[in-house]
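>>> Mind folding the following:
(2 chains)
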Amino acid sequence: MKVIFAELRKIFSLKNLIPMLLVFVVLFVFFDMYSINALESESSWEYDVVKEYGTNLSEEEIGKIRTEYGAKLTAEINELIAESDLLKRVGVEKYEDYREIQNGGLSIRINQAEWVKEQLADKSMNDEEFERAMGMTREEASTPPTADEIAAYETYFSNPDSEIHQLARKLGSFDSQVEYQYVKRYELMEIMLSDDLSPLSKAGAERLREIFETDEFCNIVDDDITWKLNNFSIEIFIVTLACVYVFLLPVLTRDNMTGVSYLQYASKNGRKILSKQLISMLVAATVVCSVICGYDIIKAMIEIPSVFYDCKLNGFNSIYSHYWFRGTVLQYIFAVSGVVILFNLALTFFLFVVSHTSKNYIQLIIKSLPIVAVFGGYAFIYGEKTFMFKEHNAFSDVVPVAYAEAYLAAILFIIGIAVSIIVIKRNKVRDIL
Amino acid sequence: MIIFSEIKKIVLFPALWGFMALLLVFNTMLVFGGDFSNEIDYINAVTTVAGDEYGADYLERIEAIIPPDENSDGMADYLHRTMLGDAQSYSGGLQKSYFTEEYDGFTKAEWIKDNSLNKSLLSALKNKYEKVKNTIAQKNASGETDSVVFASRTSQIFGYASGTMGRILLAESVVVAVLIILFSVSYEHISNTDLLLYSTKEGRKKLAQSKITAALIIAAASFTMIFGYGYGLFFSLNDFSLIWDKPISSVDNFVELISGRFPVVAWGKLTFGGYFILSILLSFVMMLVFFAFAAALGLIFKDSYLAFGAIAFGAFVNIILIFMPPFSLAVNFLVYLLPTGILFSMPAWFQYGGTATLFAYQEIRCTILWLIVSVLMLAASMRYFVKRDIK
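Next up, the predicted model:
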């Protein structure tokens, strides 16, 4: 144990910590740019529904929500509309009127006046074709917007801060997702299973069918949450690997350069130190990964509203990007951290071999560059798809197997152990000259 | 004599040559990944019948060509359709309005505020876009933009050769040059002979100069090997004789960078072949910049890992800034002025380059500036190395 602690003290020296911290800070700033605002998730219809009705709903409960929640939002919007004189002046008295204008040509008439003029001048379209293409009649298109219409558009229709606008958006999203993704469930399933643009593997198709045909489909999870979880996966995968790499790479080469290793290997007992050095490197990697994962887990838990913690990842409103994973949001976060730690331990074995077999730093850099090139190249091509346990991701797109990333981590881990054992055994009998 | 001995030390370093061998294997894969024979053959066939320049009756001539059977060869059919599409959308040379709109977009009051564009950046942008408009007028008038050989998917050849291969070959040459110089200057420290060999100031100076010269010779040889093999194989496997002497500023030619897709508008009259010859020359100078920085850091730090780490970290930060979501246009312009940014903007060298350039011939001017800075830094570190106390 004494040797392991001494090695750990050596590993956790400032010489190793500073480069790792620099890499961490740069990557932290980079990934922080992609962070989403937790408050945005709290303004979604999913947040309201999960908060009020809970997670993992039955079909009856969804049916109840359809009528209750939709009616409640419509009443709230109607109340706000009734308070506005400006909306009354442009003919909006209830939500249906508001929606008609929102979906109609007012926005085009205000924002693309020149283009509307060009289209009116183009006589190649008959009236029917014109209405289909423009979403309004020729008569409507030729009427310039009034001052009230422009004011109402700017205050209530295009202003994201307007309460009516926010509620209408929420209701529109709720209606369309329930209508097109929940009610038309089996039609959607057939379309998705026969989609040529994004072909599914056999296992992927089976998983998708399972989601559609079981209660998992009735689950509700916000898109922002799955987006956040994707970012979480990418961030801890890339940040931990980069930090562990920079942190542990030079550890044993330094001993080789100063001649300490030759002194150690002069005795039979001294040669056992190498295996203890490997243990200390694994401990150090685990500590670094745990700290980074811990930090990222806390960050994710702050950014994800707590009502979603117990939500399963697949549901009708997030069906377009589904997961192999069957657990909840919180379970997913911990499972991803586990796989990431396994990847890092596998990397540590390879770093141990490279670091031990390099006589000087240049040799070390040269030997480690292929590792950087493979991981860096992979991150460059697939980096934005390294989210874990998803049907389409950087791993299962290459090997179409469920949980391909977990298998890959386990295989690399086993190879790493085998190579390290060979190196340690050979070190016990090699000539130190 | 010392130089020969230093060259021998580098040449007898097996890990370096193992690494070079790996790079050459990788480059072979890279070359075979860029097979453009279908595109070249089809363009060749079309231009033989319809001519190689857009003109008044070009559309009629290309429309008269019998389209390939959709079922017999999907690629030929696709190439025919896209080439026809390009001919149909041809509207008489490069359009000034594209650049005017882009410039107007940058100079909107709220855009200037959100993107921290200060007066000097705005003035540089104004000059650049004025120059672009004049260049386009000249090119349109001379018919330089009317070459059809970059139509359909042929512009991807330019993108692959400069954007993919060019950048990778240059990055490889830079890494090899940095490793060579760091190995050379840290060799005595690694072998524990530094205290003996660096005992006098005069000896130290002579030895350091010899080491730098020897490393420079080997780095230049490595550069020749990497570029010669990579481009040599690429150009010998793909017959580019049709486009070799055609101007790259064609209405159908585009470059893709992280920040977007931009039309190719070379500042001068630059052909496909001319671009590659110039870019190889500039790449060599760029390699020298990194070499000089590495030499300077290698002389300052005894620890070559630290010197390599400093260069790698600088490049890493530069790359991260390039990949950052564009939180500020000012930062976006400035990162392409740094050495790794210049390397990254290789497909946009000697041309307008969209948001990757701030002024004409930016890459040449900045590379020369960085070369001067790095050489000055090398001179200063040499002075420090000669004068420092040996411990």
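
>>> okay, now the closest residue to chain B within the stretch 301-433 of chain A: neighbour count?
Across the stretch 301-433 of chain A, the shortest distance to chain B (Cβ to the nearest Cβ) belongs to residue A:361, at 3.9 Å. Yep, even glycine has a C-beta here, placed from its N, CA and C like the rest. Each residue near residue A:361 was counted by other Cβ atoms under 10 Å in any protein chain shown, and the total is 26.

>>> Next: residue A:2.
Residue A:2 has 7 nearby residues by other Cβ under 10 Å.

>>> give me the low-pLDDT residue ranges for chain A?
A:34-41, A:195-199, A:379-386, A:432-433 (pLDDT under 70).

>>> For it, what lies in contact range of chain B?
Taking Cβ under 8 Å from any Cβ of the partner chain as the contact definition, chain A meets chain B at A:19, A:22-23, A:26-27, A:29-30, A:33-34, A:250, A:253, A:257, A:359-367, A:369-370.

>>> Secondary structure element holding the most centrally placed residue in chain A?
Residue closest to the average C-alpha location in chain A (Cα atoms, centre = their mean): residue A:230, at 1.0 Å. Applying DSSP states H and E as the criterion places residue A:230 in helix A:223-248.

>>> Please name the residues that touch residue B:238.
Residues in contact with residue B:238 (Cβ atoms under 8 Å, 6 or more residues apart in numbering or on different chains) are B:34-37, B:40, B:157.

>>> What segments of the stretch 151-300 of chain A are helices?
A:163-177, A:185-193, A:202-213, A:223-248, A:251-258, A:260-264, A:273-303 (DSSP state H, counting those that start in this stretch).

>>> tell me the most buried of the ones you listed?
Burial of these is given as mean neighbour count (mean count of other Cβ atoms under 10 Å in any protein chain shown); helix A:223-248 ranks first at a mean of 23.

>>> what helices or strands is that helix leaning on?
Where contact means 3 or more Cβ pairs under 8 Å, 6 or more residues apart in numbering or on different chains; DSSP states H and E, helix A:223-248 is packed against helix A:14-32, helix A:38-42, helix A:273-303, helix A:329-356, helix A:361-382.

>>> Surely residue B:245 is in contact with residue B:275?
No. Residue B:245 is not in contact with residue B:275 according to Cβ atoms under 8 Å; the separation is 11.3 Å.

>>> Can you point out the buried residues in stretch A:109-128?
For stretch A:109-128, a neighbour-count test (16 or more other Cβ atoms under 10 Å in any protein chain shown) marks A:109-110, A:116, A:119 as buried.

>>> average pLDDT for stretch B:281-301?
The average pLDDT for stretch B:281-301 rounds to 95.

>>> For chain A, tell me whether that stretch is touching it.
No. Remark: stretch B:281-301 sits outside contact range of chain A, by Cβ under 8 Å from any Cβ, the gap being at least 10.3 Å.

>>> which parts of that stretch are buried?
Counting neighbours by 16+ other Cβ under 10 Å, one finds that the buried residues in stretch B:281-301 are B:282-284, B:286-301.

>>> And the strands in chain B?
B:254-257, B:260-263 (DSSP state E).

>>> What mean pLDDT does the first one get?
Averaging pLDDT along strand B:254-257 gives 86.

>>> so what does that strand touch, helix or strand wise?
Contacts defined by 3+ Cβ pairs under 8 Å, 6+ apart place strand B:254-257 against strand B:260-263.

>>> do the last one as well
Strand B:260-263 sits against strand B:254-257, with contacts defined as 3+ Cβ pairs under 8 Å, 6+ apart.

>>> Listing partners with orientation, what would you give for the strand it packs on?
According to DSSP bridges, strand B:254-257 forms sheet pairs with strand B:260-263 (antiparallel).

>>> how far is the partner strand from where the chain is centred?
16 Å (Cα atoms, centre = their mean, to the nearest Å).

>>> repeat for stretch A:54-64
That offset, for stretch A:54-64, works out to 26 Å (Cα atoms, centre = their mean).

>>> give the contact list for residue B:356.
B:257, B:259, B:262, B:336, B:344-345, B:348.

>>> repeat that for 7 Å
Going by Cβ atoms under 7 Å, 6 or more residues apart in numbering or on different chains, residue B:356 touches B:257, B:259, B:336, B:345, B:348.

>>> cool, residue B:96 as well?
By Cβ under 7 Å, 6+ apart, the neighbours of residue B:96 are B:133, B:136.

>>> Likewise for residue B:157?
For residue B:157, the contact set (Cβ under 7 Å, 6+ apart) comprises B:36, B:39.

>>> and residue A:423, what is it in contact with?
Residues near residue A:423 by Cβ under 7 Å, 6+ apart: A:353, A:356.

>>> Please repeat the previous calculation with a cut-off of 10 Å.
A:274-275, A:278, A:349, A:352-353, A:356-357, A:430 (Cβ atoms under 10 Å, 6 or more residues apart in numbering or on different chains).

>>> Could you identify the most distant pair in those residues?
Longest distance between any two of these is 19.2 Å, between A:349 and A:430; criterion Cβ to Cβ.

>>> out of these two, which sits in the more crowded spot?
residue A:349 (24 against 11).

>>> Give the closest residue to that one in space, chain neighbours not counted.
residue A:416 (2.7 Å; Cβ to Cβ, 6 or more residues apart in numbering or on different chains).

>>> ok, now residue B:11?
Counting by Cβ to Cβ, 6+ apart, the residue nearest residue B:11 is residue B:218, at 7.2 Å.

>>> just residue B:187 next, same as before
Distances taken as Cβ to Cβ, 6+ apart place residue B:9 nearest to residue B:187, at 5.7 Å, with adjacent residues excluded.

>>> Hmm, that neighbour is touching residue B:185, no?
No. Counting by Cβ atoms under 10 Å, residue B:9 sits too far from residue B:185 to count as a contact (11.1 Å).

>>> Between those two, which contacts overlap?
The contact sets of residue B:9 and residue B:185 overlap at B:211, B:215 (Cβ under 10 Å, 6+ apart).

>>> what about those two, which has more around it?
Higher neighbour count among residue B:9 and residue B:185: residue B:185, with 28 against 18, using other Cβ under 10 Å.

>>> Give me the distance between the more buried one and residue B:6.
Distance of residue B:185 to residue B:6, computed by Cβ to Cβ, to the nearest Å: 10 Å.

>>> Spit out the residues that contact the two alike.
Taking Cβ under 10 Å, 6+ apart as the contact rule, residue B:185 and residue B:6 both touch B:207, B:211-212, B:215.

>>> where's the dip in pLDDT among the residues you listed?
Note: of those, the lowest pLDDT belongs to residue B:207, at 89.

>>> if I look at the nearest residue to it once chain neighbours are set aside, how far off is residue B:229?
Excluding the flanking residues, the one nearest residue B:207 by Cβ to Cβ, 6+ apart is residue B:197, at 6.1 Å. Going from residue B:197 to residue B:229 by Cβ to Cβ gives 35 Å.

>>> ok, the two, which is more surrounded?
Taking neighbours as other Cβ under 10 Å, residue B:197 and residue B:229 compare with residue B:229 leading, 16 against 13.

>>> mind listing what the closest residue to that one other than its chain neighbours touches?
With Cβ to Cβ, 6+ apart as the criterion, residue B:229 has its nearest non-adjacent residue at 5.8 Å, and that residue is residue B:24. Counting by Cβ under 10 Å, 6+ apart, residue B:24 touches B:172, B:225-226, B:229-230, B:233.
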